[in-house]
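Student: got a predicted model here, sequence first, then my questions.
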Amino acid sequence: MNPSESGAVLVSVSDPTPRPVPLKNAEHIMREMRRVYNRCRSGDIPVETGTKLTFMLTALLRAHEVVVMEAKLTAMETELEATANAGTP
């Protein structure tokens, strides 16, 4: 399976062999943001690179939040519609 099909992203900053990073939920994204932050603090990657990676991760986190909110809204609308239709003869 291609990493992009599994929801993983290949990260290659200074790693000799890129590894797939699962970014399927907010926890995964936050974990990767912490990893980038720690690598910047330790000097493993330049702050400029870390800033760019964190920006992209923030965009992914926001997109994830929108998807979750849309799913919740759809479920609420479906439930509301079913409740309204249950009272209709």
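Tutor: In hand now; what should we look at? Residues are numbered from 1 along each chain as shown.

Student: need the helices for the protein, in chain order.
Tutor: 26-42, 47-86 (DSSP state H).

Student: just those: most buried one?
Tutor: Most buried of the helices of the chain by mean neighbour count (mean count of other C-beta atoms under 10 Å) is helix 26-42; its value is a mean of 15. Just so you know, the C-beta spots here come from the backbone N, C-alpha and C atoms, and that holds for glycine as well.

Student: what mean pLDDT does that helix have?
Tutor: The average pLDDT within helix 26-42 is 95.

Student: can you check stretch 54-64 too?
Tutor: pLDDT averaged over stretch 54-64 gives 96.

Student: which outside residues touch that stretch?
Tutor: If you take C-beta atoms under 8 Å, 6 or more residues apart in numbering as the criterion, stretch 54-64 is touched by 23, 25-26, 29-30, 32-33, 36-37.

Student: restricting to C-alpha, output it in CSV.
Tutor: The C-alpha coordinates for stretch 54-64 follow below in CSV (Å, rounded to 0.1, in the frame of the first residue of the first chain):
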residue,chain,number,x,y,z
THR,A,54,4.7,22.8,11.9
PHE,A,55,2.8,25.1,9.6
MET,A,56,1.9,22.1,7.4
LEU,A,57,0.9,20.0,10.4
THR,A,58,-1.2,22.9,11.7
ALA,A,59,-3.1,22.9,8.4
LEU,A,60,-3.6,19.2,8.6
LEU,A,61,-4.9,19.6,12.2
ARG,A,62,-7.4,22.2,11.1
ALA,A,63,-8.6,20.1,8.2
HIS,A,64,-9.0,17.1,10.6
